[in-house]
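1. After the sequence you'll find the predicted model.
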Number of protein chains: 2
Amino acid sequence: MTRFAAIRDEMLRRINDGDWPVGHELPTEPQLAQEFGVARGTIRRAMDALSDQGLILRRKRAGTRVAARQGHASRMTIPIVRLGIEARGDRYSYRLLARDMRPASADFGGPAGVLHIDCLHLANAQPFQIEQRRISLDALPESIDVDFTRESPNEWLVRHIPATDVETTLRADGAQDEVAQHLQLPEGAPVFVLERRTFLNGKALTMVRMSHPAALYSITTHG
Amino acid sequence: MTRFAAIRDEMLRRINDGDWPVGHELPTEPQLAQEFGVARGTIRRAMDALSDQGLILRRKRAGTRVAARQGHASRMTIPIVRLGIEARGDRYSYRLLARDMRPASADFGGPAGVLHIDCLHLANAQPFQIEQRRISLDALPESIDVDFTRESPNEWLVRHIPATDVETTLRADGAQDEVAQHLQLPEGAPVFVLERRTFLNGKALTMVRMSHPAALYSITTHG
DNA sequence: TAGTGGTCTAGACCACAGA
DNA sequence: CTGTGGTCTAGACCACTAG
C-alpha cells in the first residue's frame, strides 16, 4: 500500500464514518500534508482520486468540501464486437447486409451525404449484433472506397479514425422490422441497444446503432 | 492549455496518425522529458492520462508501448433514482411492495439470513423502477430496524454504508411476473435492468436488481 | 486582494521484471 | 543485474475566486 493510497483510504473512511459529513470543509492541502507527515503532492494525489470519484468538490479559494453523493460513477469498457466474441471462445463471422448513400438528415451529415451501412456480427453463426452505421462523407470521404464486405465498419473505423469525443447511449428496446428479422427474434423481443456518436473537434464523424439479443449481451463494470 | 495536456494531445496525435503504431515502444520518460523540455513528472502526468484510457501499456523494465485498441472505455454515472427523476423535473414517489427475511441462498448471505425488500420508484405517479433488494444481515444487521416504508433501501444504503467495491451489470430483459405487473407492462415487454453487488473488504453487503420500462430509461456517457 | 487549489520542477529512492 | 516505471519530496509560481 503506497502512502497516497493509505491517505486516500483514510479520507474515504472519514467521509463514510461521518467524521467529514456532506458539506464539511476539509483542511487545506498544507494542513493535511502536515497532519499525515507527507509532502503536499502526496496529499493532492489522494484528493485527486476522491475528486475523480465525485466524492469531494474542490474550488479555488473556497477550499474542498464533501460532495453530496448523487449517484455512482464507474468505468465501463465496451469491447470491439469481434474481440468480445472471440474472447469467449466463440467463432466470429460477419455479413454485410446493405450499403448505400443517402442525403444528410436533419441531425447528421453534410452536403456530401451519408454512407449507410447495415451489417451483422455473428457468434458461432448465431446473430449477435446488428450494426447500423452512418458515416458522414464530408468528414470521412475516404470511407466511400472501403470494401466493407470483408472488414466491418466497426473495425475499419477503430483502426483508421481518431476519436476525440465519443458519446455512447445504452438502452433497451423491442426488436422491430429489420432488427427483428436479422437477429432472428420475434417482433418486440427485448434487445440491448448501444448508440454511439463520434466527433472530431466538434464535427460529427459517425453514428451507429448496435442492437443485440438481450439474452446474449450484458456489460459489467467494476469500481 | 496546460503543458501536460498539450503533451498528452501531441502523443495522442502521434498514435492516431500512425507515427507511433500499435506495438511501438515509446521513448523513456527521461527522453520524452528532454524532447518536450519539461520535467519528468509532467511527462508522467500526460502518460497517466493515456494509460487510463487504455491507449498505452506501461511495464517496468519493458518500457511503454502503444496498446492494441480492444474497445472503448468511458466513464458512466448512474444517478440515485430519486435524483435522476427530480433532475428531469418529474415528481418522485416511492412505494414499498414487500419486506421479509429469508435464509441465505447459495451465492449470497450468511447464517443470519437475508433481508428481501421489493419496492417501486415512480415518476409522476408512473412506475419507473422496481428495486429488488437483498441485504446480508450478517454484514448489515442494523438494516433490520430501518423503516423502509418512508425511505428506500437505495437511499438508506447510499447515506449509511461505505462501498469499497461495486460490481454493476447492465442488460436488457423481458418483463415477467411481478416486474411486469408492478411496472404495468405486458409480459415480455423490454425492460432495462441494472444489477449491482456491493462489497466491503471482499464480503458481500447487498445485491440489487433494478428494472425499468425500456422507454423510460437510458444511460449516456461522454468520453 | 489574499488564500486556495492547479501546475511544474529537479531531484531522490524504490520495486519490479526483462535481459 | 540493470534499466524502467512508480512514488515521493520540498520547493516555486500561477490562476482563479470568494470575501
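-> Structure received. Numbers count the residues shown, from 1 in each chain, chains lettered A, B, ... in the order given.
2. ok, A:Leu26 - how many residues close by?
-> A:Leu26 has 19 neighbours, counted by other Cβ atoms under 10 Å in any protein chain shown. Every residue, glycine included, has its C-beta placed from N, CA and C.
3. surely it meets A:Ala67?
-> No - using Cβ atoms under 8 Å, A:Leu26 is not in contact with A:Ala67; the gap is 11.1 Å.
4. Touching both of these two, which residues are there?
-> Common contacts of A:Leu26 and A:Ala67 (Cβ atoms under 8 Å, 6 or more residues apart in numbering or on different chains): A:Ile56.
5. can you tell me if the longest helix along chain A touches DNA strand D.
-> Ranked by residue count under DSSP state H, the longest helix found in chain A is helix A:3-17. Yes - against DNA strand D, helix A:3-17 shows contacts by Cβ under 7 Å from any atom of the strand at A:Arg3, A:Phe4, A:Ala5.
6. any idea which of these has the most stuff around it?
-> Taking other Cβ under 10 Å as the neighbour criterion, A:Phe4 ranks highest of those with 19 neighbours.
7. so what's that residue up against?
-> Applying Cβ under 8 Å, 6+ apart to A:Phe4 gives the contacts A:Val38, A:Thr42, A:Ile43, A:Arg45, A:Ala46, A:Ala49.
8. Pick the one among those residues closest to chain B.
-> When the contacts of A:Phe4 are compared for distance to chain B (Cβ to the nearest Cβ), A:Arg45 wins out at 10.5 Å.
9. Need the three-state assignment for that closest one.
-> Of the three states, A:Arg45 takes helix under DSSP: H, G, I helix; E, B strand; the rest coil.
10. which residue sits closest to it, ignoring its sequence neighbours?
-> A:Phe4 (4.1 Å; Cβ to Cβ, 6 or more residues apart in numbering or on different chains).
11. what's the distance between that neighbour and A:His72?
-> 23 Å (Cβ to Cβ, to the nearest Å).
12. could you say which helix or strand contains A:Leu83?
-> A:Leu83 is located in helix A:81-87, with elements delineated by DSSP states H and E.
13. re earlier: so how far is the longest helix of chain A off the chain centroid?
-> Mean-position distance between helix A:3-17 and its chain equals 29 Å (Cα atoms, centre = their mean, to the nearest Å).
14. Just the CA coordinates for that helix, please, in CSV.
-> Extracted C-alpha coordinates of helix A:3-17, given in CSV (Å, rounded to 0.1, in the frame of the first residue of the first chain):
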residue,chain,number,x,y,z
ARG,A,3,1.3,6.3,1.1
PHE,A,4,-1.1,8.2,-1.1
ALA,A,5,-3.4,5.2,-1.3
ALA,A,6,-3.4,4.9,2.5
ILE,A,7,-4.2,8.6,2.9
ARG,A,8,-7.0,8.3,0.3
ASP,A,9,-8.5,5.3,2.2
GLU,A,10,-8.3,7.2,5.5
MET,A,11,-10.1,10.2,3.9
LEU,A,12,-12.6,7.8,2.5
ARG,A,13,-13.1,6.4,6.0
ARG,A,14,-13.7,9.8,7.5
ILE,A,15,-16.3,10.5,4.8
ASN,A,16,-18.1,7.2,5.2
ASP,A,17,-18.0,7.3,9.0
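15. Okay, buried residues for that helix please.
-> Going by neighbour count (16 or more other Cβ atoms under 10 Å in any protein chain shown), the buried part of helix A:3-17 is A:Phe4, A:Ile7, A:Arg8, A:Met11, A:Leu12, A:Ile15, A:Asn16.
16. Can I get the helix or strand following it in PDB? Just the C-alpha atoms.
-> Where DSSP H and E defines the elements, the next helix or strand beyond helix A:3-17 is helix A:29-36. Written as PDB, here are the backbone C-alpha positions of helix A:29-36 (Å, rounded to 0.1, in the frame of the first residue of the first chain):
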ATOM      1  CA  GLU A  29      -3.600  20.800   1.500                       C
ATOM      2  CA  PRO A  30      -0.700  22.100   3.500                       C
ATOM      3  CA  GLN A  31      -2.600  21.300   6.700                       C
ATOM      4  CA  LEU A  32      -3.300  17.800   5.600                       C
ATOM      5  CA  ALA A  33       0.300  17.400   4.500                       C
ATOM      6  CA  GLN A  34       1.400  18.300   8.000                       C
ATOM      7  CA  GLU A  35      -1.100  16.000   9.700                       C
ATOM      8  CA  PHE A  36      -0.100  13.000   7.600                       C
END
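17. Please determine whether helix A:29-36 lies in contact with DNA strand C.
-> Yes - on the criterion Cβ under 7 Å from any atom of the strand, helix A:29-36 is in touch with DNA strand C at A:Glu29, A:Pro30.
18. and the angle for that helix with helix A:3-17?
-> Angle of helix A:29-36 versus helix A:3-17, following axes from the mean of the first three to the mean of the last three Cα atoms, to 10 degrees, is 100 degrees.
19. and helix A:29-36, average pLDDT?
-> Summarised as a single mean, pLDDT over helix A:29-36 is 96.
20. And it, what's buried?
-> By neighbour count on 16+ other Cβ under 10 Å, the buried set for helix A:29-36 is A:Glu29, A:Leu32, A:Ala33, A:Phe36.
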